[in-house]
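>>> Structure, please.
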Amino acid sequence: MEESLTETVSLLDKLRLAIYRGEFAPGQRLVENELAARYDTSRGAVREALALLQNEGLITRQRNRSAWVRPVTIEEAIEILEVRAVVEGMCAAKAAAQAARQDHKELRKMADEMTDAVKNGDVLADSRVSDQVHAKIREIAGQRTAAGIIERLRYQGVRYQFHVSLLPGRLAQGLGEHLAIIDAVIAGDSAEAEQLTREHFASVIEALRRLANANPSPISPFAALGSLSPR
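Numbering: from 1, shown residues only. Here you go, the predicted model:
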(Lines give C-alpha, C1' and ligand atoms only; values in the text may rest on other atoms or scores of the structure.)
Protein backbone atom coordinates (compact mmCIF):
# COMPACT_ATOMS: atom_id res chain seq x y z
CA MET A 1 0.00 0.00 0.00
CA GLU A 2 2.80 2.42 0.91
CA GLU A 3 4.62 1.60 -2.34
CA SER A 4 1.44 2.28 -4.31
CA LEU A 5 0.98 5.64 -2.58
CA THR A 6 4.58 6.62 -3.28
CA GLU A 7 4.13 5.70 -6.94
CA THR A 8 0.98 7.81 -7.20
CA VAL A 9 2.53 10.84 -5.48
CA SER A 10 5.60 10.65 -7.73
CA LEU A 11 3.43 10.43 -10.84
CA LEU A 12 1.22 13.27 -9.60
CA ASP A 13 4.25 15.55 -9.29
CA LYS A 14 5.42 14.63 -12.81
CA LEU A 15 2.00 15.20 -14.39
CA ARG A 16 1.47 18.47 -12.54
CA LEU A 17 4.86 19.78 -13.65
CA ALA A 18 4.21 18.66 -17.25
CA ILE A 19 0.99 20.68 -17.24
CA TYR A 20 2.76 23.72 -15.74
CA ARG A 21 5.46 23.58 -18.40
CA GLY A 22 2.99 23.18 -21.23
CA GLU A 23 4.09 19.65 -22.19
CA PHE A 24 0.38 18.86 -22.00
CA ALA A 25 -1.48 21.71 -23.65
CA PRO A 26 -4.86 23.08 -22.53
CA GLY A 27 -7.58 20.85 -23.97
CA GLN A 28 -5.19 17.94 -24.65
CA ARG A 29 -6.54 14.46 -23.88
CA LEU A 30 -4.79 12.44 -21.20
CA VAL A 31 -5.22 8.73 -21.94
CA GLU A 32 -4.49 6.33 -19.08
CA ASN A 33 -2.63 3.63 -21.01
CA GLU A 34 -0.52 6.23 -22.86
CA LEU A 35 0.44 7.94 -19.61
CA ALA A 36 1.26 4.60 -17.97
CA ALA A 37 3.60 3.77 -20.84
CA ARG A 38 5.15 7.25 -20.91
CA TYR A 39 5.96 7.24 -17.19
CA ASP A 40 6.54 3.49 -16.85
CA THR A 41 3.92 3.07 -14.17
CA SER A 42 0.63 1.25 -13.59
CA ARG A 43 -2.76 2.33 -14.89
CA GLY A 44 -3.98 2.27 -11.30
CA ALA A 45 -1.42 4.90 -10.32
CA VAL A 46 -2.39 6.96 -13.39
CA ARG A 47 -6.08 6.73 -12.49
CA GLU A 48 -5.44 7.86 -8.91
CA ALA A 49 -3.15 10.70 -10.01
CA LEU A 50 -5.73 11.94 -12.52
CA ALA A 51 -8.40 11.94 -9.80
CA LEU A 52 -6.16 14.14 -7.64
CA LEU A 53 -5.42 16.47 -10.56
CA GLN A 54 -9.16 16.78 -11.13
CA ASN A 55 -9.63 17.78 -7.49
CA GLU A 56 -6.96 20.46 -7.98
CA GLY A 57 -8.84 21.81 -10.99
CA LEU A 58 -6.00 21.10 -13.43
CA ILE A 59 -7.87 18.53 -15.51
CA THR A 60 -11.44 17.70 -16.42
CA ARG A 61 -12.84 14.24 -16.98
CA GLN A 62 -16.19 12.57 -17.33
CA ARG A 63 -17.14 9.08 -16.25
CA ASN A 64 -15.82 6.35 -18.57
CA ARG A 65 -14.09 8.94 -20.74
CA SER A 66 -10.52 10.20 -21.07
CA ALA A 67 -9.37 13.19 -19.08
CA TRP A 68 -8.11 16.39 -20.65
CA VAL A 69 -6.16 19.40 -19.43
CA ARG A 70 -8.61 22.04 -18.28
CA PRO A 71 -8.10 25.34 -20.09
CA VAL A 72 -7.73 28.30 -17.74
CA THR A 73 -8.13 31.65 -19.43
CA ILE A 74 -6.00 34.68 -18.62
CA GLU A 75 -9.11 36.32 -17.18
CA GLU A 76 -9.77 33.39 -14.85
CA ALA A 77 -6.12 33.30 -13.77
CA ILE A 78 -6.30 37.01 -12.92
CA GLU A 79 -9.50 36.48 -10.92
CA ILE A 80 -7.77 33.72 -8.96
CA LEU A 81 -4.84 36.00 -8.19
CA GLU A 82 -7.19 38.80 -7.12
CA VAL A 83 -8.89 36.46 -4.65
CA ARG A 84 -5.55 35.22 -3.41
CA ALA A 85 -4.35 38.79 -2.87
CA VAL A 86 -7.17 39.43 -0.42
CA VAL A 87 -7.04 36.09 1.40
CA GLU A 88 -3.25 35.80 1.52
CA GLY A 89 -3.03 39.42 2.63
CA MET A 90 -5.32 38.69 5.57
CA CYS A 91 -3.21 35.66 6.48
CA ALA A 92 -0.01 37.71 6.35
CA ALA A 93 -1.50 40.27 8.72
CA LYS A 94 -2.51 37.59 11.21
CA ALA A 95 0.84 35.82 10.85
CA ALA A 96 2.71 39.01 11.66
CA ALA A 97 0.73 39.29 14.88
CA GLN A 98 1.20 35.65 15.88
CA ALA A 99 4.59 34.49 14.58
CA ALA A 100 6.91 32.99 17.18
CA ARG A 101 10.72 32.89 17.21
CA GLN A 102 10.80 29.44 15.57
CA ASP A 103 8.53 30.74 12.80
CA HIS A 104 10.95 33.60 12.22
CA LYS A 105 13.80 31.11 11.94
CA GLU A 106 11.96 29.00 9.37
CA LEU A 107 10.98 32.03 7.30
CA ARG A 108 14.58 33.29 7.26
CA LYS A 109 15.71 29.85 6.06
CA MET A 110 13.19 30.00 3.22
CA ALA A 111 14.38 33.50 2.37
CA ASP A 112 17.94 32.18 2.03
CA GLU A 113 16.77 29.26 -0.13
CA MET A 114 14.81 31.55 -2.42
CA THR A 115 17.77 33.91 -2.72
CA ASP A 116 19.99 30.99 -3.77
CA ALA A 117 17.39 29.77 -6.28
CA VAL A 118 17.16 33.18 -7.94
CA LYS A 119 20.94 33.56 -7.95
CA ASN A 120 21.17 30.23 -9.81
CA GLY A 121 18.27 31.04 -12.15
CA ASP A 122 16.40 27.97 -10.87
CA VAL A 123 12.76 28.71 -11.70
CA LEU A 124 11.43 25.45 -10.29
CA ALA A 125 13.22 25.85 -6.95
CA ASP A 126 12.09 29.47 -6.72
CA SER A 127 8.47 28.45 -7.39
CA ARG A 128 8.68 25.66 -4.81
CA VAL A 129 10.09 27.89 -2.07
CA SER A 130 7.63 30.67 -2.94
CA ASP A 131 4.79 28.22 -2.33
CA GLN A 132 6.42 27.19 0.94
CA VAL A 133 6.65 30.80 2.11
CA HIS A 134 2.96 31.46 1.47
CA ALA A 135 2.00 28.10 3.01
CA LYS A 136 4.08 28.84 6.11
CA ILE A 137 2.45 32.24 6.51
CA ARG A 138 -1.00 30.65 6.25
CA GLU A 139 0.06 28.05 8.81
CA ILE A 140 1.27 30.72 11.25
CA ALA A 141 -1.99 32.62 10.77
CA GLY A 142 -3.94 29.49 11.73
CA GLN A 143 -6.48 30.14 8.99
CA ARG A 144 -7.49 26.62 7.95
CA THR A 145 -10.50 27.79 5.93
CA ALA A 146 -8.36 30.28 4.02
CA ALA A 147 -5.70 27.62 3.49
CA GLY A 148 -8.28 25.27 1.98
CA ILE A 149 -9.50 27.94 -0.42
CA ILE A 150 -5.98 28.87 -1.52
CA GLU A 151 -4.83 25.28 -1.89
CA ARG A 152 -7.55 24.64 -4.44
CA LEU A 153 -7.16 27.92 -6.30
CA ARG A 154 -3.40 28.08 -6.57
CA TYR A 155 -3.00 25.01 -8.76
CA GLN A 156 -5.39 26.42 -11.36
CA GLY A 157 -3.38 29.59 -11.81
CA VAL A 158 0.13 28.32 -11.22
CA ARG A 159 0.65 27.33 -14.87
CA TYR A 160 0.53 31.01 -15.80
CA GLN A 161 2.68 32.03 -12.85
CA PHE A 162 5.34 29.54 -13.95
CA HIS A 163 5.57 31.26 -17.33
CA VAL A 164 5.52 34.71 -15.74
CA SER A 165 8.61 33.64 -13.76
CA LEU A 166 10.45 33.24 -17.07
CA LEU A 167 10.04 36.93 -17.95
CA PRO A 168 13.33 38.89 -17.84
CA GLY A 169 13.88 40.30 -14.36
CA ARG A 170 10.78 38.69 -12.87
CA LEU A 171 12.64 36.25 -10.62
CA ALA A 172 14.61 39.06 -8.99
CA GLN A 173 11.51 41.21 -8.61
CA GLY A 174 9.56 38.36 -7.05
CA LEU A 175 12.43 37.66 -4.67
CA GLY A 176 12.43 41.25 -3.46
CA GLU A 177 8.68 41.15 -2.89
CA HIS A 178 8.85 37.90 -0.91
CA LEU A 179 11.78 39.07 1.21
CA ALA A 180 9.88 42.25 2.08
CA ILE A 181 6.82 40.24 3.14
CA ILE A 182 8.98 37.97 5.29
CA ASP A 183 10.65 40.97 6.94
CA ALA A 184 7.25 42.52 7.74
CA VAL A 185 5.95 39.28 9.28
CA ILE A 186 9.11 38.88 11.38
CA ALA A 187 8.87 42.53 12.46
CA GLY A 188 5.30 41.95 13.61
CA ASP A 189 3.94 44.69 11.34
CA SER A 190 0.51 43.39 10.37
CA ALA A 191 -0.51 46.35 8.22
CA GLU A 192 2.75 46.29 6.27
CA ALA A 193 2.64 42.51 5.80
CA GLU A 194 -0.86 42.66 4.40
CA GLN A 195 -0.11 45.61 2.12
CA LEU A 196 3.08 44.06 0.76
CA THR A 197 1.30 40.76 0.10
CA ARG A 198 -1.45 42.50 -1.87
CA GLU A 199 1.16 44.46 -3.81
CA HIS A 200 3.03 41.24 -4.60
CA PHE A 201 -0.04 39.65 -6.18
CA ALA A 202 -0.84 42.89 -8.00
CA SER A 203 2.63 42.80 -9.56
CA VAL A 204 2.10 39.19 -10.66
CA ILE A 205 -1.20 40.22 -12.28
CA GLU A 206 0.51 43.13 -14.05
CA ALA A 207 3.24 40.80 -15.36
CA LEU A 208 0.62 38.30 -16.51
CA ARG A 209 -1.25 40.98 -18.44
CA ARG A 210 2.01 42.17 -19.97
CA LEU A 211 2.84 38.64 -21.07
CA ALA A 212 -0.63 38.09 -22.51
CA ASN A 213 -0.51 41.37 -24.45
CA ALA A 214 2.87 40.45 -25.91
CA ASN A 215 1.55 37.04 -27.02
CA PRO A 216 -2.11 37.49 -28.03
CA SER A 217 -2.51 34.04 -29.64
CA PRO A 218 -5.80 32.47 -28.53
CA ILE A 219 -4.12 29.06 -28.62
CA SER A 220 -1.11 29.76 -26.47
CA PRO A 221 -0.22 33.15 -24.96
CA PHE A 222 3.23 31.74 -24.21
CA ALA A 223 4.21 30.59 -27.71
CA ALA A 224 6.96 33.21 -27.98
CA LEU A 225 8.75 31.80 -24.95
CA GLY A 226 9.97 28.81 -26.95
CA SER A 227 11.32 25.98 -24.81
CA LEU A 228 9.85 25.97 -21.35
CA SER A 229 12.62 23.98 -19.71
CA PRO A 230 14.05 26.21 -16.96
CA ARG A 231 17.75 26.78 -16.63
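>>> The chain: strands as residue ranges?
In the chain, the segments counted as strands under DSSP state E are 29-30, 59-61, 67-69.
>>> Can you list the buried residues in the second one?
Residues 59, 61 are the ones in strand 59-61 that count as buried (16 or more other CB atoms under 10 Å). C-beta: built from backbone N, CA, C; applies to glycine.
>>> That strand pairs with which strands?
Here strand 59-61 has these sheet partners by DSSP bridges: strand 67-69 (antiparallel).
>>> Over to the first one?
If you go by DSSP bridges, strand 29-30 pairs up with strand 67-69 (antiparallel).
>>> who touches the partner strand?
Contact with strand 67-69 is made by 19, 24-30, 50, 53-54, 58-61, as judged by CB atoms under 8 Å, 6 or more residues apart in numbering.
>>> go again using 6 Å as the cut-off
19, 24, 26, 27, 28, 29, 30, 50, 59, 60, 61 (CB atoms under 6 Å, 6 or more residues apart in numbering).
>>> What of stretch 36-44?
For stretch 36-44, contacts defined as CB under 6 Å, 6+ apart pick out 7, 11, 32, 46.
>>> contacting residues for the third one?
Okay, so that is residue 32. 43, 46.
>>> Using the record's assignment, carve the protein into domains.
Here the domain parsing of the chain from automatic domain parsing is 2-69, 74-225.
>>> quick one, which of these is packed in tightest?
Per-stretch averages of neighbours, counted by mean count of other CB atoms under 10 Å, single out domain 74-225 among the domains of the chain, with a mean of 18.
>>> starting at the chain centroid, how far to it?
In terms of CA atoms, centre = their mean, to the nearest Å, the centre of domain 74-225 is found 8 Å from the chain centre.
>>> returning to that earlier point: including mean pLDDT, could the strands of the chain go into JSON lines?
JSON lines is the format used below for the strands of the chain (pLDDT from 0 to 100):
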{"stretch": "strand 29-30", "mean pLDDT": "92"}
{"stretch": "strand 59-61", "mean pLDDT": "87"}
{"stretch": "strand 67-69", "mean pLDDT": "89"}
